[in-house]
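Visitor: Build the 3D model from these lines:
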Amino acid sequence: MTAAELIVEGRVATLAGDVGFGWVDALAIAGGRVLAAGSVPEIAALAGPGTRRLALDRSEVVIPGLTDAHLHLAQAAVSARQVDLASAASLDEGLRRIAVAHARLAQADAWLLGHGWESDRWGGWPTAADLERVAPGRAVALWAHDHHSLWVSQTSLRLAGIGAGTTDPDGGEIRRDSAGSPTGVLHEAATRLVATHVPAPTADELVAAIPDLARELVRLGVVAVHDPGDLVPDPALTGAFAAYARLGDSGELPVRVHASLRAEAVAVAVERGLHSGSRLGTNPDGRAWVGWQKLFADGSLGSRTAALLEPFTFEPERPLGAGRERGIFVTEPAVLAELTGRAASARIVTQIHAIGDAALRAALDALEPHAGDGPLRTRVEHVQLTDPVDLPRFARLGIAASVQPVHLRSDAAQARHLWGERAERLGYPWRSLSESGALLPFGTDAPVEPIDPWPGIAIAVTRSDPSWPAGTAPFGPSEGLTLARALRAACLDAALVAGEGDRGRLVAGQRADLVVIPAASLAEPIEPDGSLAGTRPRMVVLDGAVVFEA
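Guide: Okay, here's the model as predicted:
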């Protein structure tokens, strides 16, 4: 019998079976996999002369390694080096940060880039004229908090050839003043008019930036990521794909990555013989694979571009453009179906961004003929507003509902305002999806939100957050998950969606990815401001090797 290389003694949540934590008292690990899980005497019998032992403190427990099923890893790594407006409480504060960044740019033609502003937080839409006051003559491109709107300068508009006579592209909108002139904010597909002029990060820059952020993820207990890609297409796959391949070949990728591509890159992927599940690079032990084709059905809640079956709540101080009362289809339903089918014929599985209920229906319609095709699960991203007719389709068709519970932290007030009574009746239906039998992989959507997975796991249970004003009621509390189900969503569901049936549990034959966390993190009942949201692992093990120890 194979002797254990490492024995872990202490409380271990194996996630064995279909529900619950699956607690055992010891693990045996050999060859990077779990050899056995059980009682201390059972596991002790597997020890050999060279077996190492890890005895947990009574105040600690072990859980499987986490997977972030929706984290723009390459984009987040680059964004970390740009102007951060996420904590700017007002337009004036944001402009002060932009002025500092402008002063630091030595080259007059260098772009000033950043992210994190939010029109609701600032009380209205910013303008190109605002930027001209603090960064005169500078090409500026600043993504909104949700990364579905882009705030640009007059110089940026000029470089892109955008003026009063420019028509809105399909699936996009150029915000205009009463005279029809662009004000400096672009929504959805219109963002590409400027974004395509911004110098894309090179593979060299990404190779330098990605490992640093990935190591931060490991310290948080995250051992795998699904990267849905940048908002700007990379049709030649010379950016993140090339960087992941190089990092995989060199053994310098700290986490496993499934990297998605846009429809514009499918032809190049086919030419290279790539499909969903293909390894990127030539190293057989590399940690990068091809993920999904990423499509966008609609926009976002904050930008008022989510595609809805019923109109947004009317805002007289912020009227929507004619025909925009129900949001925007970034990609028309017929085109979604066409692109999904084309990719499926090349063995590339599709994931579709859909926030509004109309977009969700269109996404499910497009995916339905191809559900079950390929090594990965078809999936819908975000699933924030769901018509009851469509909710059972996820489990019935085997389509995963990829959700980011942390979005509720910033979205709750907007959802209640913009969706009215539909918000808590139909919004963020995590328990209903789970009880229907759907896979529910969790993610953070960084850099839209921070990379820390733990606040989202807590919000999935409590449907509340300590950042909300005192006295704010939980958002649709009946849709909260049990702690055990939320942990499964964070550890197991994402692995299954990626076709990794040997990850996400700590049972015999599974990869030995485990995280040592404080037992207090899992003490119930979970409170919004309790230990779970602030969890910090003491140790992280990947493929049986310690990769982080506090």
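Visitor: now the helices for the stretch 201-350 of the chain?
Guide: Here the stretch 201-350 of the chain has its helices, by DSSP state H, counting those that start in this stretch, at 203-219, 240-250, 266-271, 333-345.
Visitor: mind showing which ranges of this structure have poor pLDDT?
Guide: The model of the chain has pLDDT under 70 over residues 1.
Visitor: circling back: nearest to residue 493, of the helices of the stretch 201-350 of the chain?
Guide: helix 203-219 (17.9 Å; C-beta to C-beta). For every residue, glycine as well, the C-beta is placed using N, CA and C.
Visitor: So which bits of that closest one are buried?
Guide: For helix 203-219, burial by neighbour count (16 or more other C-beta atoms under 10 Å) applies to 203, 205-207, 209-211, 213-214, 216-219.
Visitor: How about stretch 122-141?
Guide: Buried, per 16+ other C-beta under 10 Å, within stretch 122-141: 122, 125-128, 130-132, 134-135, 138-141.
Visitor: Just send the helices of the stretch 201-350 of the chain back as JSON lines, with distance to residue 444 too.
Guide: Listed next are the helices of the stretch 201-350 of the chain as JSON lines, based on distance: least, C-beta to C-beta, whole Å:
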{"stretch": "helix 203-219", "distance to residue 444": "10"}
{"stretch": "helix 240-250", "distance to residue 444": "17"}
{"stretch": "helix 266-271", "distance to residue 444": "26"}
{"stretch": "helix 333-345", "distance to residue 444": "25"}
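Visitor: Tell me which of these sits nearest to residue 457.
Guide: helix 203-219 (14.6 Å).
Visitor: to the chain's geometric centre, what's the distance from that closest one?
Guide: In terms of C-alpha atoms, centre = their mean, to the nearest Å, the centre of helix 203-219 is found 16 Å from the chain centre.
Visitor: wait, what's in contact with the spatially closest residue to residue 545 that is not a sequence neighbour?
Guide: The shortest distance from residue 545 to any non-neighbouring residue, by C-beta to C-beta, 6 or more residues apart in numbering, is to residue 32 (7.4 Å). Shown in contact with residue 32 (C-beta atoms under 8 Å, 6 or more residues apart in numbering): 511, 512, 543, 544, 545.
Visitor: Now with 7 Å, please.
Guide: Residue 32 is in contact with 511, 512, 543, 544, counting by C-beta atoms under 7 Å, 6 or more residues apart in numbering.
Visitor: phi, psi of the closest residue to the third one other than its chain neighbours?
Guide: Yep, that's residue 543 we're talking about. Of all residues not flanking residue 543 in the chain, residue 32 sits nearest, at 4.0 Å (C-beta to C-beta, 6+ apart). With angles defined as degrees, to the nearest 10, residue 32 sits at phi 80, psi 10.
Visitor: So residue 164 versus residue 322, what's the distance?
Guide: Relative to residue 322, residue 164 is positioned 17 Å away (C-beta to C-beta, to the nearest Å).
Visitor: Of those two, which one has the most company?
Guide: Counted by other C-beta atoms under 10 Å, residue 164 and residue 322 do not tie: residue 164 has more neighbours, with 11 against 6.
Visitor: can you pull out the helices in the stretch 351-500 of the chain?
Guide: Listed in chain order, the helices found in the stretch 351-500 of the chain under DSSP H, counting those that start in this stretch are 357-367, 393-397, 407-419, 422-426, 430-435, 454-462, 483-488, 494-497.
Visitor: Out of the ones you listed, which is closest to residue 476?
Guide: Among the helices of the stretch 351-500 of the chain, the nearest to residue 476 by C-beta to C-beta is helix 422-426 (4.0 Å).
Visitor: Pull out the buried residues from that closest one.
Guide: Within helix 422-426, the residues that qualify as buried are 422, 423, 424, 426, counting by 16+ other C-beta under 10 Å.
Visitor: still on that earlier bit, with respect to residue 150, which of the helices of the stretch 351-500 of the chain lies nearest?
Guide: Of the helices of the stretch 351-500 of the chain, nearest to residue 150 by C-beta to C-beta is helix 407-419, at 18.7 Å.
Visitor: Tell me which residues are up against the closest one.
Guide: Residues from elsewhere that reach helix 407-419 (C-beta under 7 Å, 6+ apart): 120, 301-302, 312-313, 385, 423, 427-428, 445, 449, 455, 459, 463, 465, 467-468, 475.
Visitor: chain center to that helix, what's the gap?
Guide: The answer for helix 407-419 is 18 Å, by C-alpha atoms, centre = their mean.
Visitor: Now it: buried residues?
Guide: Buried-residue list, helix 407-419, by 16+ other C-beta under 10 Å: 407, 408, 409, 410, 411, 412, 414, 415, 416, 418, 419.
Visitor: Okay, angle between it and helix 454-462 too, please.
Guide: If you take axes from the mean of the first three to the mean of the last three C-alpha atoms, to 10 degrees, helix 407-419 sits at 60 degrees to helix 454-462.
Visitor: hey, C-alpha coordinates of helix 407-419 in PDB?
Guide: Once non-C-alpha atoms are left out, helix 407-419 reads as follows in PDB (Å, rounded to 0.1, in the frame of the first residue of the first chain):
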ATOM      1  CA  HIS A 407     -21.900  42.400  -6.200                       C
ATOM      2  CA  LEU A 408     -24.900  42.500  -3.900                       C
ATOM      3  CA  ARG A 409     -22.800  44.700  -1.600                       C
ATOM      4  CA  SER A 410     -22.800  47.600  -4.100                       C
ATOM      5  CA  ASP A 411     -25.900  46.700  -6.100                       C
ATOM      6  CA  ALA A 412     -28.600  46.300  -3.400                       C
ATOM      7  CA  ALA A 413     -29.600  49.900  -3.200                       C
ATOM      8  CA  GLN A 414     -29.500  50.400  -7.000                       C
ATOM      9  CA  ALA A 415     -31.500  47.200  -7.600                       C
ATOM     10  CA  ARG A 416     -34.200  48.200  -5.100                       C
ATOM     11  CA  HIS A 417     -34.400  51.600  -6.800                       C
ATOM     12  CA  LEU A 418     -34.100  50.600 -10.500                       C
ATOM     13  CA  TRP A 419     -36.000  47.300 -10.400                       C
END
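Visitor: just the angle between that helix and helix 357-367, please?
Guide: Here the directions of helix 407-419 and helix 357-367 differ by 120 degrees (the same axes, to 10 degrees).
Visitor: picking that back up, which of the buried residues of helix 407-419 lies closest to residue 285?
Guide: Nearest to residue 285, judged by C-beta to C-beta, of these is residue 407 at 34.8 Å.
Visitor: I'd like the distance between residue 28 and residue 535.
Guide: Distance of residue 28 to residue 535, computed by C-beta to C-beta: 26 Å.
Visitor: isn't residue 451 right next to residue 216, touching?
Guide: Yes: in terms of C-beta atoms under 7 Å, residue 451 counts as a neighbour of residue 216; the distance is 6.4 Å.
Visitor: partner residues bridging the nearest residue to residue 168 once chain neighbours are set aside?
Guide: Leaving aside its chain neighbours, residue 168 sits nearest to residue 174 (5.6 Å; criterion: C-beta to C-beta, 6+ apart). Note on residue 174: beta-bridge partners residue 186, judged by DSSP bridges.
Visitor: burial measure for residue 174, as a count.
Guide: For residue 174, the neighbour count with other C-beta under 10 Å is 24.
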